[in-house]
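# Pasting the sequence and the predicted model now:
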Amino acid sequence: MKPLFVLVIVYIALLAFGGHTTFDKGNIFAGNMAMGVMLLFTAIGHFKFKTSMAAMIPLFIPKKAELVLLTGALEILFAIGLAIPGTRYFTGIALIIFYITILPANIYAAKHRINYENLYKPGPGPKYLWFRIPFQFFLITWVWYFSVR
């Protein structure tokens with residue numbers, strides 16, 4: 001839920017205040033910058049909650065903590081790529097693929113009631129998927145609309 005708030009608040013703020021600045025570049029700029037800020041926000045979680053997030057990855061996948069750190073670093077690179085108009089299209093495609101690939105980890109975490117912020121407290125369980133799956137498709141649609149189309 002927090003990433004959604006970050007995404008929407010940054011987008012609205014850029015649209016509302018962008019016209020009063022010298023860097024206003026319109027709707028596409030605001031959409032990409034909002035996604036970039038959200039990615040930086042979620043990347044922080046990959047470093048702060050590394051152990052808990054590693055538990056979200058199915059057991060058969062090795063080097064879970066390293067994978068969490070790698071995906072955090074990828075999110076930072078995606079944020080940078082969205083900020084550069086010349087790389088935005090390819091970054092958008094890569095980000096859509098990324099969002100599709102991480103969905104199984106979210107399903108696994110919900111199924112096993114894993115709390116990505118605190119491994120010692122139970123997560124919300126399968127009811128979390130009623131938000132997470134539509135949110136994942138919302139993110140994919142957002143990236144497609146602002147970066148790829």
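Yep, it's here. Numbering: from 1, shown residues only.
# Let's verify residue 86: helix, strand, or coil?
Using DSSP: H, G, I helix; E, B strand; the rest coil as the criterion, the local structure at residue 86 reads coil.
# Around it, how many other residues sit close by?
When counting by other C-beta atoms under 10 Å, one arrives at 8 neighbours for residue 86. The way it works is simple: take the backbone N, C-alpha and C, and place the C-beta from them, glycine included.
# Check it and give its pLDDT.
The score at residue 86 is 95. That number is its pLDDT.
# shaky segments in the protein?
20-24 (pLDDT under 70).
# Show me which residues of the host helix or strand of residue 81 are buried.
The secondary structure element spanning residue 81 is helix 64-83 (assigned by DSSP states H and E). The neighbour-count check on helix 64-83 (16 or more other C-beta atoms under 10 Å) flags 64, 67-69, 71-72, 74-79, 81-83 as buried.
# Give me the contacts around it.
With C-beta atoms under 8 Å, 6 or more residues apart in numbering as the contact definition, helix 64-83 has outside contacts at 32-33, 35-37, 39-40, 42-47, 50-51, 53-55, 57, 61, 87-88, 90-92, 94-95, 98, 102, 147.
# Figure out how far it is from the centre of its chain.
Averaging C-alpha coordinates over helix 64-83 and over its chain gives two centres that are 10 Å apart (C-alpha atoms, centre = their mean, to the nearest Å).
# same thing with stretch 118-130?
Here the centre of mass of C-alpha atoms in stretch 118-130, compared against the chain's by C-alpha atoms, centre = their mean, lies 18 Å away.
# cool, and stretch 46-59?
Mean C-alpha position of stretch 46-59 versus that of the full chain (C-alpha atoms, centre = their mean) differs by 15 Å.
# With stretch 81-93 instead?
Put simply, stretch 81-93 sits 15 Å off its chain's centre (C-alpha atoms, centre = their mean).
# Quote the end-to-end distance of it.
End-to-end distance of stretch 81-93 (C-alpha to C-alpha, to the nearest Å): 11 Å.
# List the buried residues of the host helix or strand of residue 5.
Residue 5 is part of helix 2-18, with elements assigned from DSSP H and E. Buried residues in helix 2-18, counting neighbours by 16+ other C-beta under 10 Å, are found at 3, 6-7, 10-11, 14-15, 18.
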